[in-house]
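*Asks:* Quick one, structure for this:
(2 chains)
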Amino acid sequence: MNEEIDEYDIYHQDFTTASEWEIFIARIEEIIKDWKLSKSFLSKLSGGYTKKWIGKSEEIQFQGNKYILSYHTLETAKSGESSVETKDKSILVDLHNGLWESTPKFMDDLDGSPFPVSSWYGLKRYLMLYSSLPLVDGNLIKLVMSSANIAFANTDCGVPFFVKIREHWQPTYLGFYEDTEHKVSFDTIHLKRISNQCSHLSGLVSLFKSKIASPVALDAVVVSTKFSYELKDVDAFAWRKTTQSNEFLSIEGFDVRKLLELPFGSEKNPIQSVLLNTIWPKFRECAIVESSTFSEYDPLMAPTWTISLKMRESFNCQLSETISKIMDLLDNNNLLMDTLGLSKSLGLVNPLHKITEAPITISKLVKAAMGQSKHMSDFKGPIADELLMPLLYYVFPDAVDDNTFNYPEQLEVEFKQADGEQKLCSYVKTSPEGGLVWRVSVTAARLFDAGGLPYLAHLWYEFCQELQYRWEHRILVPGVADGIPNARTCLLHQKLQLLNCCIKRALDGTGSVAGNSSEDEFFDCSEGENEEQLPWDRPVGRLNKFGDATLKNGAPLYIPRTQDPAPKTEDQLEEDAELMVRLGDDAKASELRARMMSASLLSDMEAFKAANPGAELCDFVRWYSPRDWKPDDGGALGDRMLLPGNPWVEAWSVARPVPAARQRRLFDETREAEQVLHFLRSRTVSAATELLLPAILRAGAAKAHEEGVPCANSSVGGVDTRRTFEIAARELYDAEREACRSLCLRTVLGSSEEGKPLDVAGRNRILSAAGGGLPAAARREFTLRVRDSVAPQVMRTALATDMTIIGVFTERIVCL
Amino acid sequence: MSYFKEKPALSAMATNRSGAAQRPNGAPQTKVCQFKLVLLGESAVGKSSLVLRFVKGQFHEYQESTIGAAFLTQTVCLDDTTVKFEIWDTAGQERYHSLAPMYYRGAQAAIVVYDITNQDTFGRAKNWVKELQRQASPSIVIALAGNKSDLAAKRMVEFEEAQAYADENGLLFMETSAKTAMNVNDIFLAIANKLPKSEGGGSAGAGGARRLGDAEQARSSSCCK
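*Replies:* Prediction:
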């Protein structure tokens, strides 16, 4: 390693004898040697190639300009046969074979390599010298070319060497390859206008022949031609319109079903143009005559037609449009009820304006909520009743005797996915598919699309009113999964689950008055205190015996009836977490934290004391936390329960013997229900949107799958809700675009494939869509080739608004 | 109480919560990901001790029994990502079982802890794993921790048995010791590595990403050839 560095240094210091030009050449040689591209090395390579291009590059400074020399090659296939030593001629043979095999292809059939030369000339490997400043000056081009020539010769390079010349945007490359007997030159001409001589086949054929050094036999040139037509009147291609208009808004013929689905697909034809290629794959030069005044080319008779589609730069996808508009609402921090001018009468205050206004208490809110039900009844929202009522019956189908829109009996939150197939947006929290949250969210999205924010606000208002009514009349909310709030579902669904918990609890409460066991009845402890205290020694609130276990005093140990802990929604848990973090780390904080979490423990201790008069803490622990109980000496506390000041001891010391039935309720359904209702009513536009978006996105994904979009396997994690929404919206957008595109392909191509020859039916359909005839060709391309005594000679010409001619000519090196 | 005397031992690998997120330019150098993690397991297996060791680098021979649930956060730095764990440390008593779904359903990761000196706690851990597989998010990352590995002399659960069970169920598995700190950081890091981490987050990238039209041109031109 050190030696190499020394050599390098000396080399560069020795500039008295080396000009900058010589250094430039030497540097190219050095790199070619480094990359082992000499003929002797390369001839050992054999075997197949993959279709993948790999490459490497080095920088070279010359005359204050940066050059990049790069080497590009097809990856060799792993299963290549053992290398056979052959003469260096095989490299040239290989080059010529590749060239000849590539001639049926056209210049715009690219092969994925960084420069087009490989597809033009059928190369498997090439060197490219690319100047960062365009090489425009003729003298400079000559200088660089001869540098390359010298370096090529000195290293006995086995790879065609190209130099990018002219402006960067021009497809112009000069290249060469040499061995001891032959010289191959790769030339390019690019003109902004089409010269007269080159505008037709016969002119091109004579140009081609003049370029070939050796004589060419008569009619020996083989020609391929491709004429390309841009068909712009694409509406002629039967484009299936999938527009969902807002016609459901008209009262007559209103159909709520039109609201059930999100729109999908493009409103307008997303195809910008259809590119038709008419191809004559192979004919002798005299078979078709074309001169400046006369042409025998008839595209309708061309043996092969292929189609490729060009899509509009931007076309509106209806689903994405709908979602994108809703996502814009995430920036709107006004109260949603402000939209209807109802915030004041509902007693709502924007949390952002809270600082300036008096704080609100829950009781105030409850009063406001109670009070408004009367004078709100004459509130008239922007949505007409004729539209509103069917919508509400759709969301709350149990309110009518009609079974059309009933929710399914079993509402399952979609849990396991089959075969690891991931649906789109599966990382967005869901709610039961087709449940109430879906219905109200999709309806909200459609209404917002149709009537803007006031429509959305009106629906939300009516939704909250209905929930209020259901709470007051103890009617369960339909279309919501059973049980306590499930944090795997979206927050709106959790809130409704919590509301249903409250309604159930309230129903149980009133039921007990009618004659159930009075022990199920709960009182607030403030009410209980005025009553006569129960004697300490009379056990109350026993559930059953705890096996054969006894208290320390020998009496049997009874498990008490207990209160269920309060269910919480994820935002409530987050509040708890925030509070715990905010409390900090000191002793007082941990005491507060313990007290925060110990409501349930204290309640259980009190119930235990009531059921087991004379019990000690170790008796309680024996039932409650057996691993903290030791059987020694009739029962003793485990070590960690003996820590001084530990919250279990403290809770035990303040616990009074009160049966669960007489305790303060851990779960105050009235308070919780009012909180849910207030939560929903007082959302800002942005927060309400956050509640609705999960179901909208998931419904959108379901719609996309219905339209044939395949599953995706994206996992999203570690980002907040907003970002998750954005990722999901993006995913749907991509899916929708792709779906539009493949729909277009199917419409235009039928059973044929893009880029593959059309069948007769396909040709007829295209032709009739194009109006029976074709416009002027947008691009014409000719490939001329001949195999003379030396090698294949090839010239390609592309004529559009500009003209590109490329040629590869091989001559024998004649030494006189 | 005076048990916060020791200095956190994690400072080398874990930054403080406010450390990584706020840079002078406002833009974080690495992406920041937040994950909810829940600890489950029989009582007195050392859930709180593991968390205390991980978050504060401390250990107490007698850790008081958790009431309800405790919440702590800790941030770890991976190569290109800062992972913030929001940790719910639940109480192990059977009485609190019904509250556990509240914590694990919203979690992206769970550590199920047992005590290697007690076979029953291992059985309980298996039940937790079963419940998680049935009820938690399908993408949840579950780690099994055989704690109290410093008490190997009293071992009742063989390492191989637990490893085989973990392999069968696709769980991360380590034997840990909150007392000696063995494998404590490692198990959290292993989880951090396994969690899917998306680009973005925060409101900084929000505006840009929402404009769907941005990347549209590049996309449409490339797909129409």
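
*Asks:* Going by C-alpha atoms from here, please, whenever you check contacts or count neighbours.
*Replies:* Noted.

*Asks:* pretty sure residue A:559 is in a strand, no?
*Replies:* Yes: assessed by DSSP: H, G, I helix; E, B strand; the rest coil, residue A:559 belongs to a strand.

*Asks:* My guess is it contacts residue A:546. True?
*Replies:* Yes: between residue A:559 and residue A:546 a contact is recorded at 5.8 Å, counting by CA atoms under 8 Å.

*Asks:* neighbour-wise, which of these two wins?
*Replies:* Counted by other CA atoms under 10 Å in any protein chain shown, residue A:559 and residue A:546 do not tie: residue A:559 has more neighbours, with 21 against 14.

*Asks:* Overlap of the contact sets of residue A:559 and residue A:546?
*Replies:* residue A:623 (CA atoms under 8 Å, 6 or more residues apart in numbering or on different chains).

*Asks:* How many neighbouring residues does residue A:164 have?
*Replies:* Here the number of neighbours of residue A:164 (other CA under 10 Å) works out to 21.

*Asks:* residue contacts, it?
*Replies:* A:128, A:129, A:130, A:131, A:135, A:172, A:173, A:174.

*Asks:* Please identify which helix or strand holds the second one.
*Replies:* Pointing back at residue A:129 there. Per DSSP states H and E, residue A:129 falls inside strand A:125-131.

*Asks:* Please identify the pairing partners of that strand and their relative orientation?
*Replies:* The strands beside strand A:125-131 in its sheet (DSSP bridges) come out as strand A:65-76 (antiparallel), strand A:161-164 (parallel).

*Asks:* Let's have the contacts of residue A:164 in TSV, adding pLDDT and neighbour count.
*Replies:* Putting the contacts of residue A:164 into TSV (pLDDT from 0 to 100; neighbours: other CA atoms under 10 Å in any protein chain shown) gives the following:
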residue	pLDDT	neighbour count
A:128	94	23
A:129	93	26
A:130	92	21
A:131	91	22
A:135	89	19
A:172	91	22
A:173	93	23
A:174	93	21
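
*Asks:* Where does the prediction get shaky in chain B?
*Replies:* B:1-29, B:200-225 (pLDDT under 70).

*Asks:* quick one, strands of it?
*Replies:* B:31-40, B:69-77, B:81-90, B:109-115, B:141-147, B:172-175 (DSSP state E).

*Asks:* now the ones you listed in CSV, with mean neighbour count?
*Replies:* Below are those laid out as CSV (neighbours: other CA atoms under 10 Å in any protein chain shown):
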stretch, mean neighbour count
strand B:31-40, 24
strand B:69-77, 21
strand B:81-90, 23
strand B:109-115, 28
strand B:141-147, 26
strand B:172-175, 21
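
*Asks:* Between these, which one is closest to residue A:567.
*Replies:* Closest approach to residue A:567 among the strands of chain B (CA to CA): strand B:69-77, 13.7 Å.

*Asks:* Give me the angle between the closest one and strand B:31-40.
*Replies:* Angle between the axes of strand B:69-77 and strand B:31-40 is 140 degrees (criterion: axes from the mean of the first three to the mean of the last three CA atoms, to 10 degrees).

*Asks:* strand partners of strand B:69-77, parallel vs antiparallel please.
*Replies:* Sheet partners by DSSP bridges: for strand B:69-77, these are strand B:81-90 (antiparallel).

*Asks:* would you put the C-alpha positions of the longest helix seen in chain B in CSV?
*Replies:* The longest helix of chain B (DSSP state H) is helix B:119-135. Extracted in CSV, the C-alpha atoms of helix B:119-135 (Å, rounded to 0.1, in the frame of the first residue of the first chain):
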residue,chain,number,x,y,z
GLN,B,119,-42.0,-22.5,36.9
ASP,B,120,-45.5,-21.1,37.5
THR,B,121,-44.5,-17.6,36.3
PHE,B,122,-43.3,-19.2,33.1
GLY,B,123,-46.7,-20.8,32.6
ARG,B,124,-48.3,-17.5,33.3
ALA,B,125,-46.0,-15.9,30.7
LYS,B,126,-47.1,-18.4,28.1
ASN,B,127,-50.7,-17.4,28.8
TRP,B,128,-49.9,-13.8,28.3
VAL,B,129,-48.2,-14.6,25.0
LYS,B,130,-51.3,-16.5,23.9
GLU,B,131,-53.5,-13.6,24.9
LEU,B,132,-51.4,-11.1,23.0
GLN,B,133,-51.4,-13.3,19.9
ARG,B,134,-55.1,-13.4,20.0
GLN,B,135,-56.0,-9.9,21.1
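
*Asks:* I'd like the mean pLDDT over the longest helix anywhere in chain A, please.
*Replies:* Across chain A, the longest stretch assigned as helix under DSSP H is helix A:436-472. Confidence over helix A:436-472 (mean pLDDT, whole number) is 93.

*Asks:* Export the strands paired with strand A:125-131 as JSON lines, with columns for mean pLDDT.
*Replies:* Converted to JSON lines, those look like this (pLDDT from 0 to 100):
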{"stretch": "strand A:65-76", "mean pLDDT": "90"}
{"stretch": "strand A:161-164", "mean pLDDT": "94"}
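
*Asks:* out of those strands, deepest packed?
*Replies:* Highest mean neighbour count of those: strand A:161-164, a mean of 23 (counted as mean count of other CA atoms under 10 Å in any protein chain shown).

*Asks:* The following helix or strand past that one vs strand A:125-131, what angle?
*Replies:* Using DSSP H and E, the helix or strand that follows strand A:161-164 in sequence is strand A:173-178. Here strand A:173-178 runs at an angle of 130 degrees relative to strand A:125-131 (the same axes, to 10 degrees).

*Asks:* Which other helices and strands does strand A:173-178 contact?
*Replies:* On a contact count with 3 or more CA pairs under 8 Å, 6 or more residues apart in numbering or on different chains; DSSP states H and E, strand A:173-178 meets strand A:161-164, strand A:182-191.

*Asks:* Parallel or antiparallel, which strands does it pair with?
*Replies:* Strand A:173-178 is paired, per DSSP bridges, with strand A:161-164 (antiparallel), strand A:182-191 (antiparallel).

*Asks:* Now chain A against chain B: closest residue?
*Replies:* Residue nearest to chain B within chain A: residue A:718 (4.0 Å; CA to the nearest CA).

*Asks:* and that residue, what is it in contact with?
*Replies:* Residue A:718 sits in contact with B:32, B:33, B:34, B:35, B:83, B:196, B:197, B:198, B:201, where contact means CA under 8 Å, 6+ apart.

*Asks:* rewinding a little: who touches the next helix or strand after the strand holding residue A:129?
*Replies:* Moving toward the C-terminus from strand A:125-131, the next helix or strand (DSSP H and E) is helix A:138-155. For helix A:138-155, contacts defined as CA under 8 Å, 6+ apart pick out A:21, A:24-26, A:28-29, A:32-33, A:38, A:135, A:161, A:163, A:165, A:178.
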